[in-house]
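> pasting the structure only:
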């Protein structure tokens, strides 16, 4: 059973930068992909970014492209999501999720999920 734990959320001002971390259990570096998703209040969960473990292939949602970077530190079993120029509409619970294989952008493609971390951006 894969375990994922997100951290780094909080209350920030618009325009600031935030880095979220996702620590995952087990040694899945070769076969996994980790995705970041977010769920704004009252809305569906949506894709933000993903990175594959084996080749470092990345996918970023068009809605955040240019403001978001995703990276991995295999030695720490951690995947990072850095968001800059934050906007109030970035307010959401941010989740990381893991799957075997390559990156995907649908929540249903990821069987394992963390519990999420709240990000609130004030104007």
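Arrived safely. Bear in mind the structure is a predicted one, so any value in this text is a computation, not a measurement. Numbers count the residues shown, from 1 in each chain.
> which residues sit against stretch 35-43?
Defining contact as C-beta atoms under 8 Å, 6 or more residues apart in numbering, one finds that stretch 35-43 is touched by 20, 22, 45-50, 70, 79, 81, 89-99, 103-105, 107, 109-110, 116, 119. In this view, the C-beta of every residue, glycine as well, is placed from N, C-alpha and C.
> residue 58 and residue 48 touch, don't they?
No: using C-beta atoms under 8 Å, residue 58 makes no contact with residue 48, being 11.5 Å away.
> looking at these two, which is more packed in?
Just comparing residue 58 and residue 48: by other C-beta atoms under 10 Å the higher neighbour count belongs to residue 48, 25 against 16.
> per-residue pLDDT of that one, please?
pLDDT for residue 48: 98.
> verify the stated contact: it with residue 68.
Yes: between residue 48 and residue 68 there is a contact under C-beta under 8 Å: 6.4 Å.
> list the residues that contact both of these two?
Common contact partners of residue 48 and residue 68 (C-beta under 8 Å, 6+ apart): 60-61, 81.
> any idea which of those is closest to residue 8?
Minimum separation from residue 8 among the shared contacts of residue 48 and residue 68 (C-beta to C-beta) is found for residue 81, which lies at 8.3 Å.
> after the one helix or strand the closest one maps to, next one along is what?
If you go by DSSP states H and E, residue 81 is part of strand 78-83. Note on strand 78-83: by DSSP H and E, the next helix or strand toward the C-terminus is strand 92-100.
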